[in-house]
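Colleague: just need the structure, nothing else, for what follows:
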Amino acid sequence: MKKLYCLIAGLLCFASVFARNADYRLEADCGSGFVPVTVHKALCSDSASHHGEIWNDWDNSKGLRDTMSIALLQTPHFPVRIRLSREEAFSTVAVRPTPYGIEARKLNDHCVEFIIDSPAHRKVSVEFDDDRATNLFLVCNLPDTDKPSPDVPSVLYFGPGEHNVGKICLQEGQTLYVDYGAVLYSAIEVQGNNCRIAGQGIISGARLPHTGTRWASGELLIECNKTRAAGRRNLVIEDVTIIDSPSWTVSVYNMSDVRIENINLINWILNGDGIDVVCSRDVLIKDCLLRCYDDCITLKVRHNARPIEDLRNVRIEGCMIWADFARGIVIGPEAGNESVSPAHISDCQVKSCIFLEHNTIVQKDDVRGAFAIHQVASPDWEKGCPGLISSITAEDLYFDHMRPCSRAIVIAQDEHSSPACRMEDIIIRNVRIEDDGTASSVLEIKPYHNSMKNLKLENISRNGRRIVTPAIREDAQM
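Modeller: Predicted structure coming up:
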């Protein structure tokens, strides 16, 4: 039966997808009648089956990208009634996350209504006829009560409308504020301490060159501490929506006291990570919505940090994760190299996160998962042992009806590590996985020849049934 499920999953994953998009019209009633809300389009990459073809498709000439939509609504209070229409007729509609319990009322074959009842449910994905390539993200925020004055010298303010500017470099103590209704086309470099990027507008890299050969060579859209100077601190990125980076989207190297909160991020490029935290400490990533083809959030000790320092005390809380091909939240895979530096990863917590999607190539035996701990040496082309990964807790996770070709949780060590690498004090608890029973896997543990100590798996259920976890062994899989 499992082989049959995998065959079905493979067929679903390899269905052809060619430049799909949908046209939406959205209205919101915040208490005084329906008013129109702008719907923005954003490229995404939905089909793992085209991975080999689109790797070098930098100019999108093959037309294998998909186009999803995102709508941003600023409302003075909740509940909010939403009316969403689209040109193409539909039969069914889902508003996820499923635990929110949002019921959509179909008005006709082109229109649906539903209610966002509270700020706790302000971010949702609307999907018609189970089509996740051309879905719509709806984000409802209360007005910003901490908006800076545009007249303050340390504030770079962009109001409603489109803004095409060159690279923005934030110096010591500066704030970049992209207000609700604004779309800022620019790359951003954070060069000082005590900097802030905020506002409920959009930062887009769509007009920057998307270039590369095997790897993207375009600009990182928001690069924090490009020189990777030691001691850089106090960074806040909050409330903004970020789309279409030519490479990594938000890069944080060698920093401390970082807060990334309530951002929304969509990136279609194949090695375009969402948030990369490298050799940093005291970092909070909270209430963020991310959809990426590559890793959405990744925590690393990387060989090109200056200096190569520990990564520690990172908290990821209340995030909503959509991984189109690689991994959703991953600790690693670049985990340092003891032949280069003793730096390692420790004291990280992933809590109360919802995984809306994960997609991979089911026939390929790899280590991609919606949530993953992957311990690989960096650089991986030099011999050496990746640094220790220790004191990791992941709890209260919900996997919401991901693709049949998904992997929920993967814990893996370096297959080629010499000497053996070490991972210890790992806790995975209070996990709910809901699916149709055809996932590629829901839990994989791959220590290979390495040392994995004090791994605790507690209260993990699939479709309401408690999973009996196996003893740790090489390539343990459920």
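Colleague: just the pLDDT for the residue nearest the centre of the chain.
Modeller: Of all residues in the chain, the one closest to the mean position by Cα atoms, centre = their mean is Cys296, 2.8 Å from it. At Cys296, the model reports a pLDDT of 98.
Colleague: quick one: contacts for it?
Modeller: Applying Cβ atoms under 8 Å, 6 or more residues apart in numbering to Cys296 gives the contacts 265, 273-275, 290, 321-323, 327-329. Backbone N, C-alpha and C define where each C-beta goes, glycine included.
Colleague: check Phe137 too.
Modeller: Counted by Cβ under 8 Å, 6+ apart, Phe137 has contacts 68-71, 123-126, 264, 266, 289, 291.
Colleague: tell me where the stretch 51-200 of the chain has strands.
Modeller: 66-74, 80-86, 93-96, 105-108, 111-116, 123-128, 136-141, 155-158, 161-164, 168-170, 175-178, 182-185, 188-190, 195-198 (DSSP state E, counting those that start in this stretch).
Colleague: what's the answer for the stretch 301-450 of the chain, then?
Modeller: Counting by DSSP E, counting those that start in this stretch, the strands of the stretch 301-450 of the chain are 311-317, 320-323, 329-335, 345-351, 354-358, 371-375, 389-400, 407-413, 422-434, 441-446.
Colleague: as JSON lines, those strands with mean neighbour count would be great.
Modeller: Compiled in JSON lines, the strands of the stretch 301-450 of the chain are given as follows (neighbours: other Cβ atoms under 10 Å):
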{"stretch": "strand 311-317", "mean neighbour count": "21"}
{"stretch": "strand 320-323", "mean neighbour count": "28"}
{"stretch": "strand 329-335", "mean neighbour count": "27"}
{"stretch": "strand 345-351", "mean neighbour count": "20"}
{"stretch": "strand 354-358", "mean neighbour count": "26"}
{"stretch": "strand 371-375", "mean neighbour count": "27"}
{"stretch": "strand 389-400", "mean neighbour count": "21"}
{"stretch": "strand 407-413", "mean neighbour count": "26"}
{"stretch": "strand 422-434", "mean neighbour count": "19"}
{"stretch": "strand 441-446", "mean neighbour count": "22"}
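Colleague: any chance of those strands in a markdown table with distance to Asp131 and mean pLDDT as columns?
Modeller: Formatted as a markdown table, these follow (distance: least, Cβ to Cβ, whole Å; pLDDT from 0 to 100):
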| stretch | distance to Asp131 | mean pLDDT |
| --- | --- | --- |
| strand 311-317 | 29 | 98 |
| strand 320-323 | 14 | 97 |
| strand 329-335 | 25 | 96 |
| strand 345-351 | 29 | 98 |
| strand 354-358 | 12 | 97 |
| strand 371-375 | 25 | 97 |
| strand 389-400 | 16 | 98 |
| strand 407-413 | 22 | 95 |
| strand 422-434 | 19 | 96 |
| strand 441-446 | 24 | 91 |
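Colleague: for those strands, give me CSV that also has distance to Lys147.
Modeller: Compiled in CSV, those are given as follows (distance: least, Cβ to Cβ, whole Å):
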stretch, distance to Lys147
strand 311-317, 24
strand 320-323, 25
strand 329-335, 31
strand 345-351, 29
strand 354-358, 29
strand 371-375, 35
strand 389-400, 33
strand 407-413, 40
strand 422-434, 37
strand 441-446, 44
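Colleague: I'd like to know which of those is closest to Phe78.
Modeller: With Cβ to Cβ as the criterion, Phe78 lies closest to strand 320-323 of the strands of the stretch 301-450 of the chain, at 17.8 Å.
Colleague: what pairs with the closest one, parallel or antiparallel?
Modeller: strand 289-292 (parallel), strand 354-358 (parallel) (DSSP bridges).
Colleague: could you dump those strands to TSV with distance to Ser118?
Modeller: Output for these, formatted as TSV (distance: least, Cβ to Cβ, whole Å):
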stretch	distance to Ser118
strand 289-292	16
strand 354-358	16
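Colleague: of all these, which one is nearest Gly231?
Modeller: strand 289-292 (28.3 Å).
Colleague: for the nearest residue to His163 once chain neighbours are set aside, give its distance to Phe137.
Modeller: Leaving aside its chain neighbours, His163 sits nearest to Leu184 (4.9 Å; criterion: Cβ to Cβ, 6 or more residues apart in numbering). Using Cβ to Cβ, to the nearest Å, we find Leu184 at a distance of 19 Å from Phe137.
Colleague: now the stretch 51-200 of the chain, which segments are flagged as low pLDDT?
Modeller: For the stretch 51-200 of the chain, residues meeting the criterion pLDDT under 70 lie at 56, 59-62.
Colleague: change it to 80
Modeller: Residue ranges of the stretch 51-200 of the chain with pLDDT under 80: 51-64.
Colleague: who touches Asn193 in this structure?
Modeller: Asn193 makes contacts with 172-173, 232-234, as judged by Cβ under 8 Å, 6+ apart.
Colleague: quick one: contacts for the nearest residue to Asn135 once chain neighbours are set aside?
Modeller: Excluding its sequence neighbours, the residue lying closest to Asn135 (Cβ to Cβ, 6+ apart) is Glu127, at 4.6 Å. Counting by Cβ under 8 Å, 6+ apart, Glu127 touches 93-96, 135.
Colleague: let's go with 10 Å and repeat that
Modeller: Shown in contact with Glu127 (Cβ atoms under 10 Å, 6 or more residues apart in numbering): 68, 90, 92-96, 133-136, 356-357.
Colleague: so which of the contacts of Asn193 wins on neighbours?
Modeller: Arg232 (24 neighbours; other Cβ atoms under 10 Å).
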